[in-house]
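Asker: how does the following fold in three dimensions:
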Amino acid sequence: MADPGISVTPYWELTFDADGDVDDRQRERLLTQVVRRGVRDLVVFAHGWNNDRAGATRLYSRFFAPFPALAPGVPLGYVGVVWPSMRFADEAVPDFPPAVTAPSTRPVLDKGTRHALLEAFPGRATVVEQLARLLDQRPDDAGALDEFGRLVRLLVEVRPQGPQTAFAADTLAGGVPQGDPEMLFGDTVAICGEFAGALAEVEAAAGVHGAGPPRLWDGAHELLRQAAYFAMKRRAGTVGERGLGRVVGQLAGTAPGVRVHLMGHSFGARLVSFALRGLPRGVRTVKAVTLFQGAFSHYAFAARLPHDTRAGGVLHGQQNRIDGPLVCCHSRHDSALGAFYPLAARAVGDSRSLRGPDIGGLLGARWGALGYGGVKAVPGTPSVALADALALQLPASGCVNVDAAAVVRRGGPPSGAHSDICHPELARVTLAAGRVGRDG
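Answerer: Sure, this is the predicted structure:
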């Protein structure tokens, strides 16, 4: 169990495949050892987009490092969730060594990203090579962009009756998942133009040297990125409900006195939220859920959508499965969620007036992510600044928004501060949400 790459102990890993099946030996090790090691509070972290176990381990080691000093005398245990997601190699991660990042080669598909795509989408090697060739050649005709769009759709599709098909939506209408993303079904040239415009805006706002007018193949590269991330979003819901939720339920059966604290970054925030749907009936061992830059709809927990009262969030009421609060940390410096997520999340058939990049405007209001502006349309959800969240006692139940922009603020295009989460202040929020050291 001891891992020289991890800053804390006792530490366990839980590895899931794309369908939510867990590594049985890892699960049994956790279930049999957690009581033996005297753990009272178990903090469980799910990464977002990431390339491999090594990258996830670096994240967990750094994020967990402050916990022992922040909760002295509390018998803590730690779990790192490893699931098959990916990150484009041109996205810089603040404070991580150069080996984790790579310089931007946009719009060429760099070697690191090719490898990540092959790992995330096994059996699609020919499709990845064709996409890479088109990005390298950048043919000057609309037919090439249409072919690029067809290949993107082929890359991220799942088998028709596979378990992941039911886990992509953020909202439901009459119990039916609502809204396929237009980027996978609409006009490729128009969509690439929108992504190119958003990318140019983000680069200009960041003061990127040499940022020029929008270019369609830049938008095509961004379309591939966002489509791959849509597949990760879909996969996160699968792993959460079919995988982690069940394991937490089993843990409650074997170690009912262990208090569980779920945390997730980006799509990992979606994963731990969907884990609430996978909890067996009556399980109340989850004491808090803390979301960092969650990459899913800010309406996911709403009973009704403001623009469509017939529809509601796919996770409506799930916050009530927690014996404590659901804390959503968000930041306006996250351009991955502020600029690109609304474009990528917009559903087929949405109003044509809501087109084009309009960061913080109508598009963001309807299709925004909770990691950018917090949980929306859930009555009674307070919004507090990070300093106040640390100085005051957080609510004992329900949703609460914490504006973390004071620390989640560093990072360059295209993702901005999306991955800038390794801060002691955020560790303190997690402990405060779960009342660690305060509940007897």
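Asker: C-alpha only now, for contacts and for neighbours.
Answerer: Fine.
Asker: mind listing the residues bridging to the residue nearest to Ala300 when sequence neighbours are not counted?
Answerer: Nearest residue to Ala300, sequence neighbours excluded (CA to CA, 6 or more residues apart in numbering): Gly313, at 4.0 Å. Beta-bridge partners for Gly313, by DSSP bridges, are Thr171.
Asker: and Gly313, how many neighbours?
Answerer: Applying other CA atoms under 10 Å, we find 24 residues neighbouring Gly313.
Asker: and the one 10 residues further on, by the same measure?
Answerer: Other residues within reach of Asp323 by the criterion other CA under 10 Å amount to 20.
Asker: likewise for Glu119?
Answerer: 17.
Asker: dihedrals phi and psi, it?
Answerer: Backbone torsions of Glu119, given as degrees, to the nearest 10, read phi -70, psi -40.
Asker: alpha carbons of the biggest helix by length in the chain, as CSV, please.
Answerer: Determined from DSSP state H, the single longest helix within the chain is helix 216-239. Only the C-alpha atoms of helix 216-239 are listed here, as CSV (Å, rounded to 0.1, in the frame of the first residue of the first chain):
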residue,chain,number,x,y,z
LEU,A,216,-10.7,27.5,-38.9
TRP,A,217,-8.1,24.8,-38.4
ASP,A,218,-7.4,26.2,-34.9
GLY,A,219,-11.1,25.7,-34.4
ALA,A,220,-10.9,22.2,-35.7
HIS,A,221,-8.1,21.4,-33.2
GLU,A,222,-10.4,22.8,-30.5
LEU,A,223,-13.3,20.7,-31.7
LEU,A,224,-11.2,17.6,-31.3
ARG,A,225,-10.2,18.6,-27.8
GLN,A,226,-13.8,19.4,-26.8
ALA,A,227,-15.2,16.2,-28.3
ALA,A,228,-12.6,14.1,-26.5
TYR,A,229,-13.5,15.9,-23.3
PHE,A,230,-17.2,15.2,-24.0
ALA,A,231,-16.3,11.5,-24.1
MET,A,232,-14.5,11.9,-20.8
LYS,A,233,-17.5,13.7,-19.3
ARG,A,234,-19.7,10.8,-20.4
ARG,A,235,-17.2,8.3,-19.0
ALA,A,236,-17.0,10.1,-15.6
GLY,A,237,-20.7,9.6,-15.0
THR,A,238,-20.4,5.9,-15.8
VAL,A,239,-17.4,5.4,-13.5
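Asker: that helix: what's the following helix or strand?
Answerer: helix 245-254 (DSSP states H and E).
Asker: now that next one against helix 216-239, angle please.
Answerer: Angle, helix 245-254 to helix 216-239, by axes from the mean of the first three to the mean of the last three CA atoms, to 10 degrees: 30 degrees.
Asker: other SSEs contacting helix 245-254?
Answerer: With contacts taken as 3 or more CA pairs under 8 Å, 6 or more residues apart in numbering; DSSP states H and E, helix 245-254 sits against helix 24-36, helix 267-277.
Asker: from the chain's centroid, how far away is it?
Answerer: Computed by CA atoms, centre = their mean, to the nearest Å, the chain-centroid distance of helix 245-254 equals 23 Å.
Asker: that one vs helix 24-36, what angle?
Answerer: 40 degrees.
Asker: for helix 245-254, C-alpha coordinates in PDB please.
Answerer: Provided in PDB are the C-alpha atoms of helix 245-254 (Å, rounded to 0.1, in the frame of the first residue of the first chain):
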ATOM      1  CA  GLY A 245     -20.800   4.700  -5.700                       C
ATOM      2  CA  ARG A 246     -20.900   0.900  -5.400                       C
ATOM      3  CA  VAL A 247     -17.500   0.700  -3.700                       C
ATOM      4  CA  VAL A 248     -18.500   3.400  -1.200                       C
ATOM      5  CA  GLY A 249     -21.700   1.400  -0.500                       C
ATOM      6  CA  GLN A 250     -19.600  -1.700   0.100                       C
ATOM      7  CA  LEU A 251     -17.300   0.300   2.400                       C
ATOM      8  CA  ALA A 252     -20.300   1.400   4.400                       C
ATOM      9  CA  GLY A 253     -21.100  -2.300   4.900                       C
ATOM     10  CA  THR A 254     -17.700  -3.400   6.100                       C
END
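Asker: thanks again, I'm all set now.
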